[in-house]
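S.K.: Build me a model:
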Amino acid sequence: MRALAVLGIFSLLVGVVLIAFLATNQLGQTSKAGGAKETVATAISIKNKANLKILATKLNLYFSENGVYPQTLKEIDSAGLDLTTFQYAFCSPNSVIIKTGNENTVLKNGDNFSLNQSANPNC
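M.R.: Numbers count the residues shown, from 1 in each chain. You can find the predicted model right below:
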């Protein structure tokens, strides 16, 4: 009976050491991959791109229904988006520019033209 108790305690100790080793090893791999700051920056960039695509789709839908882009973002269905995170430039009835973070997109006649991060489009 005593041998079973010792074996149970020993098994528990080995399990704790194994979990601690795996947790430490995983943290080491995260820091080698660029750290938490880089991971957060990548996640924000992916979120911005996704939100920009959603907004571009909503604007192109508005364009297809009305033949023009809205003069302000208040004229579209904003469900699921925080429109305050976007910069919107109404260039003409058939051309607009939307920006969020480092991402820019020009919409013309219902088509998207994504720009690289360094580009700063003007009307």
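S.K.: For V68, see how far away N60 is.
M.R.: Separation of N60 from V68 (CB to CB, to the nearest Å): 12 Å. For every residue, glycine as well, the C-beta is placed using N, CA and C.
S.K.: higher neighbour count, the two?
M.R.: N60 (17 against 13; other CB atoms under 10 Å).
S.K.: Which strands or helices does the helix or strand hosting V40 pack on?
M.R.: In the assignment (DSSP states H and E), V40 maps to helix 35-66. Packing partners of helix 35-66 (3 or more CB pairs under 8 Å, 6 or more residues apart in numbering; DSSP states H and E): strand 95-100, strand 103-108, strand 111-115.
S.K.: Give me the mean pLDDT for that helix.
M.R.: What helix 35-66 shows for mean pLDDT is 88.
S.K.: tilt between it and strand 103-108?
M.R.: 10 degrees (axes from the mean of the first three to the mean of the last three CA atoms, to 10 degrees).
S.K.: Tell me what angle the helix or strand just after helix 35-66 forms with strand 95-100.
M.R.: Helices and strands here follow DSSP H and E; after helix 35-66, the next one along the chain is strand 87-92. Put simply, strand 87-92 runs at 170 degrees to strand 95-100, going by the same axes, to 10 degrees.
S.K.: Run through who's touching strand 87-92.
M.R.: Y69, P70, Q71, T72, L73, V96, I97, I98, K99, T100, C123 (CB atoms under 8 Å, 6 or more residues apart in numbering).
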